[in-house]
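Chemist: need a structure here:
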Amino acid sequence: MRSLSYWVFPVVSGLMWLATLLGLLLYWVVNTDRVIYASMQDGQTFAYISDIGASELKPLFVTGCIITALFLDLSFVSDRLLRHRGRLVPNTSPGEKVLGSLAIVFAIIGTIGLTCLSGFDTLRYQDLHNIFLLLFIAGYLLSAIFICWEYQRLGKKHREHPLLRISFWVKLVFVIVELALAVAFAVSNFRGHKDTAAALEWVVAFVFTFYVFSFVIDLYPAVATRNAANDRHHDRHSFGSFGSSAHAQQREIDEIYYATHPTVPQPHHHHHHQPPPPSDTQDGQRTLAANGQSKEDAAANLQKMMRRGHADF
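Modeler: Coordinates of the predicted model:
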């Protein structure tokens, strides 16, 4: 279980999206034998994803879209948080931080589009459904462009981390392929080639799965830095405890020292009022006697505490 980390988020998101798509497609092909839904237009024989999602499988469609979007957003946020904490290669320039922030903003826009298009189905809310479909595709596509740009800059500065370059090329391929497919989908849909447009929509959706899984490449290195982060936290905690006990021990040593050396002036502290030092040796001895210690006993205790302090250090 030690290897479980933030990379689980894109895995859950990708598997949920893939399961949703396969569930919808197989149900339409196997269970209904490619039924023609009421939302399909005249002459259309190939169902859009939203046609099947507007049927009795709408609960599956809505749930799958919400879980996919939620865990994908967690992947974006985790990437930003881990880079900020130094557990992943950090952003070292304002430009990289701006690109990372823009990637998150447009991912949120894509999330709104994906969740809303599943609720506002194409059968009852066709215009709203098309608007949210556009937000979904445009939002995640622009988010991919910005995060791709960010990784290109990071990989150029940190050539010792080859995973940055691998992630950059994977996302760049996704951007090029998805952009070409989105344009072909829009043209086919506009020209009334509904079956072609529906087939392209399915391809666009399945290609999106690989983009989601690509974040595993980005987040998996955080597994190796988790122990280092815990060690730093432990060291800070241990140092704080040691510092408190050492301060108390040093204060006790100082009290015994000034009691056995009454002619040595004590330093003045602003926050704690110190009693005036004894005026002579007799006063110092009276002070020790009042505390139940002789001068020899106090000196012996001082030596023991100093030896114990060296041993602790």
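
Chemist: Around the residue lying closest to residue 54 once chain neighbours are set aside, count how many other residues there are.
Modeler: Once flanking residues are discounted, residue 54 sits nearest to residue 121: 3.6 Å by Cβ to Cβ, 6 or more residues apart in numbering. All C-beta spots, glycine's among them, are computed from the backbone N, C-alpha and C. Neighbour count for residue 121, taken as other Cβ atoms under 10 Å: 20.

Chemist: wait, residue 121 sits on residue 57?
Modeler: No - applying Cβ atoms under 8 Å, one finds residue 121 not in contact with residue 57, separated by 10.7 Å.

Chemist: So, low pLDDT: which residues of the stretch 1-150 of the chain?
Modeler: 1-3 (pLDDT under 70).

Chemist: In contact with residue 207: list those residues for me.
Modeler: The neighbours of residue 207, taking Cβ atoms under 8 Å, 6 or more residues apart in numbering as the test, are 174, 177-178, 181.

Chemist: Next, the spatially most central residue of the chain: secondary structure please.
Modeler: Nearest to the mean C-alpha position of the chain, by Cα atoms, centre = their mean, lies residue 78 at 1.2 Å. Classification of residue 78 by DSSP: H, G, I helix; E, B strand; the rest coil places it in helix.

Chemist: name the element the residue nearest to it when sequence neighbours are not counted belongs to?
Modeler: Leaving aside its chain neighbours, residue 78 sits nearest to residue 6 (4.2 Å; criterion: Cβ to Cβ, 6+ apart). Assessed by DSSP states H and E, residue 6 sits outside every helix and strand.

Chemist: Same question for residue 210.
Modeler: Assigned by DSSP H and E, residue 210 falls in helix 194-213.

Chemist: May I have the helix or strand following that helix as PDB, with CA atoms only?
Modeler: The element immediately downstream of helix 194-213 (helix or strand, assigned by DSSP H and E) is helix 215-219. C-alpha atoms of helix 215-219 as PDB (Å, rounded to 0.1, in the frame of the first residue of the first chain):
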ATOM      1  CA  PHE A 215      -1.700  12.200 -15.400                       C
ATOM      2  CA  VAL A 216      -0.400   9.000 -13.800                       C
ATOM      3  CA  ILE A 217       2.900   9.900 -15.400                       C
ATOM      4  CA  ASP A 218       2.900  13.300 -13.700                       C
ATOM      5  CA  LEU A 219       1.700  12.200 -10.200                       C
END
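
Chemist: Show me what helix 215-219 is in contact with.
Modeler: 5-7, 9-11, 72, 75-76, 78-79, 82, 88, 151, 163, 166-167, 170.

Chemist: Work out the gap between that helix and the centre of the chain.
Modeler: Centroid separation for helix 215-219 versus its chain: 11 Å, with Cα atoms, centre = their mean, to the nearest Å.

Chemist: next one: stretch 117-130
Modeler: 32 Å.

Chemist: Stretch 56-70 now?
Modeler: The answer for stretch 56-70 is 23 Å, by Cα atoms, centre = their mean.

Chemist: do stretch 177-184 as well
Modeler: Mean-position distance between stretch 177-184 and its chain equals 29 Å (Cα atoms, centre = their mean).

Chemist: in that stretch, what counts as buried?
Modeler: 178, 181-182 (16 or more other Cβ atoms under 10 Å).

Chemist: And the helices in the stretch 101-250 of the chain?
Modeler: According to DSSP state H, counting those that start in this stretch, the stretch 101-250 of the chain carries its helices in the segments 126-157, 162-190, 194-213, 215-219, 222-260.
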